[in-house]
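Enquirer: Pasted the sequence and its predicted model underneath.
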Amino acid sequence: MAMAIPLYHHSLAVLPFPRLLSLRREGRGVQQRPGCRIVRRAIGDRRQQGGHCFRPPVCSSLDCSSACSDSLPRVSLDRASESRSVCSFFIHTMGCQMNVADSERMAGLLLSHGYCAASSPDNASLLILNTCSIREKAEQKVYSALGRQRSRKYKDPHFRIVVAGCVAQQEGERLLRRVPEVDLVLGPRHVGRLLELLDQVDQGSQICATEPIHIMEDITKPDRESKVSAWVNAIYGCNECCTYCIVPGVRGREQSRHPEAIRQEMLALGQAGYREVTLLGQNIDAYGRDLDSSVVHRRWTLADLLLYIHDVPGIERIRFVTSHPKYFTEGLIKTCAELPKICKHFHIPFQSGDDEILKAMRRGYTVKRYLTVIETIRRYIPDASISADAIVGFPGETEQQFSNTLKLMEEVKFDMVNTAAYSPRPRTPAASWINQVADLVKEDRLHRINKLVLEHALKCSWRYMNRVEKILVESKNMRSKNEHQVTTLKTLPSTNWSMLLINNLLEFLNPFTSYRATYCLYFITLCFSII
C-alpha cells in the first residue's frame, strides 16, 4: 500500500516560467472539464509543505533533433497545441491485456496529433506509466519508476509525467501529494480524453481525472503492437464484489460496447491484414446484460456477439478473456464448439478449490459448479485448452483448504494456471480481516502449487506429439533472430510457444502454416518441423 513520504525541498526562486506559476495560482485561462478535477495549489501553500510546484508548457522532443534546436525558446500558452508536433512520448505498460489495449489507444491518439514515439523513457518529453494495482508489488513498481524519473523535472522543465491505469484510479489525488512532479493522473475511463487533458496541463494545471464517466466510442486508430493479432474491447468494468479484488473500484461498473461498434472495428482490422482478434473484458461472459433493449432490440449475450462477428472477412481466429464460472453457460460452450473461428481455449479462473474460501471471496459459485463447467466444455470440445487463475494464502485459508485447491487441479489438469499469493489491496473487505496468512506460509504454498502447475502443463503439452496443428506466427523472438513465437487454435492468446526456423524461413511462409511437433523441450516450448 502507498505510504506517505515527505516532499523534497526545492527553492521556488530558481524555477523557470514564473508567469506560468502565477497563472496556475490565479487559475486564469483554465477551465475544469466534466469528470476530472483540477488540482490548484497556491505557491505559498506548497512552500509551507516543503514542496515545489511548476507546470511547464509544452515540451520539445529529444528524439526529434531536426525539429528542435538546443536553445529552445519559451513557448507561449496559446501556442501549446501547435508545439505538440515536436513532442515525443514513451508508454510503459504494466498489468493485464486491458492495459495493453489502453496503451495502444493512447499511442494512437498521440501519433495522430503530431507526437513521435521515443525509444526509451529517458528520450521522451512525455512519459506515461499505464499502471496495475492488482497486487501490492505491482503498485510499488509504479512508485519505483516515478522515483527514477521525478528528478528530470528539475533538469528539464518541459518534461511531463502522466500516471494512468489502475493505480491512478486507486490513488487519485493521494498520488499527486506523494509525487507532486506528476502532471496528470488519468483513470482508465478517461483514456480517450488524454489530449484534452494534456491541453489543460500545458495551461498550467495539475489534473486528477478519476471521476466515473460513460466511455464514449473512440474513432482514433490504436497504435497496435502486433500486425497480426489485435485486442478489441467488448465490455469495460466489473459488477462483481469479490472481497480480495480491487478491479471494480478502479475499472468501474460494467459497460458493454454496442455489437455494431465491435463488428466495425473488426472489419477494419480484417481489411488491415489482421488475422486474430481477442475480445477483452474483466468479466467477458457478462457482455450485453447492461445494453439498452430499446437500442439493441433485445438482450444480447456473449454467444450472440460471437455469432454476430464470426463472419467478419479476414479475421480467421477469435478469442475472448476473461471468463467467470458463474456466467459460463452451456449455450456459450455450444456456440464456441459450432463456430470454427472461435479458438478452443478458455481461461476460467477458479481462485480456490474450497467452498468455504470461495464463499469468503464472494465468488458466487461452488467447486461443484466449476467442475460442471469444465465437464460441459470437455463434452462439447474434448481437446479444449483450459487455463485458470488461483490465489493461495487467502485470509483464513487452512492447510486442508489449500489441499482442496491442489485436489481440484489434479482433477482438471489445466494447461496453465496463473498463480499468486494473496495480496491485501486498499478498500477491499479482505484486506482488513484479522486472519491473515503468514508470508512464509504463502510462499510455501505458492511454491507447491507452481510445481503442480508445471507438472500438469508438461503432460498437456505432450498430447501434441506427432500431431499436425495449424499455427499462427505472431512475431519474431527478439532474443534470438532464429526463433519465432506462435500459437495454435488451442493455446493461450499470449505468445507461449516458440519454434526454431533455420535461416528465418518464416519470411517466405504464410502466417498460417501447418507444423508437426517432433519433440518436447519444456512444458510449453516445442520444436516444429515444416511439413
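Expert: Received the coordinates, thanks.
Enquirer: Hmm, Met216 is touching His190, no?
Expert: No: the pair Met216 / His190 is not scored as a contact, 10.8 Å apart, by Cβ atoms under 8 Å. Where you see a C-beta, it was placed from the backbone N, CA and C, and this is true even at glycine.
Enquirer: These two: which has the busier surroundings?
Expert: Taking neighbours as other Cβ atoms under 10 Å, Met216 and His190 compare with His190 leading, 26 against 9.
Enquirer: can you pull out the helices in the stretch 51-200 of the chain?
Expert: Assigned by DSSP state H, counting those that start in this stretch, the helices in the stretch 51-200 of the chain fall at 97-112, 136-149, 152-155, 166-171, 173-178, 194-202.
Enquirer: what do you get for the stretch 351-500 of the chain?
Expert: Secondary structure of the stretch 351-500 of the chain by DSSP H, counting those that start in this stretch: the helices cover 355-361, 367-380, 399-412, 439-462.
Enquirer: Tell me which of the ones you listed sits most buried.
Expert: Stretch with highest mean neighbour count among the helices of the stretch 351-500 of the chain: helix 355-361 (a mean of 19; mean count of other Cβ atoms under 10 Å).
Enquirer: count of neighbours near Lys344?
Expert: Lys344 has 20 neighbouring residues, counting by other Cβ under 10 Å.
Enquirer: which residues does the nearest residue to it once chain neighbours are set aside contact?
Expert: Nearest non-adjacent residue to Lys344, counting by Cβ to Cβ, 6 or more residues apart in numbering: Ala384, 4.6 Å away. The neighbourhood of Ala384, defined by Cβ atoms under 8 Å, 6 or more residues apart in numbering, consists of Lys344, His345, Phe346, Ile377, Arg378, Lys490.
Enquirer: Leu126: which of those residues is nearest?
Expert: Set against Leu126, the nearest of the contacts of Ala384 by Cβ to Cβ is His345 (36.9 Å).
Enquirer: for the closest one, which residues make a bridge with it?
Expert: Per DSSP bridges, the residues bridged to His345 are Ser385.
Enquirer: Next one: the residue nearest the centre of the chain from Val191, what distance?
Expert: What sits nearest the mean C-alpha location of the chain, by Cα atoms, centre = their mean, is Asn99, with 2.2 Å. Per Cβ to Cβ, to the nearest Å, Asn99 is found 10 Å from Val191.
Enquirer: picking up where we left off before, let me have the helices of the stretch 351-500 of the chain in TSV, extended by mean pLDDT.
Expert: What follows is those, written out as TSV (pLDDT from 0 to 100):
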stretch	mean pLDDT
helix 355-361	97
helix 367-380	97
helix 399-412	97
helix 439-462	95
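Enquirer: Of all those, which one is nearest Leu126?
Expert: Ranking the helices of the stretch 351-500 of the chain by proximity to Leu126 (Cβ to Cβ) places helix 439-462 first, at 37.8 Å.
Enquirer: how about low-confidence regions in the protein?
Expert: Counting by pLDDT under 70, the ranges of the chain that qualify are 1-86, 219-220, 293-298, 475-531.
Enquirer: Buried residues of stretch 466-473, list them for me.
Expert: Neighbour-count burial for stretch 466-473 flags Glu469, Ile471, Leu472, Val473 (criterion: 16 or more other Cβ atoms under 10 Å).
Enquirer: meant to ask about stretch 267-286, not that
Expert: In terms of neighbour count (16+ other Cβ under 10 Å), stretch 267-286 has its buried residues at 269-270, 274-286.
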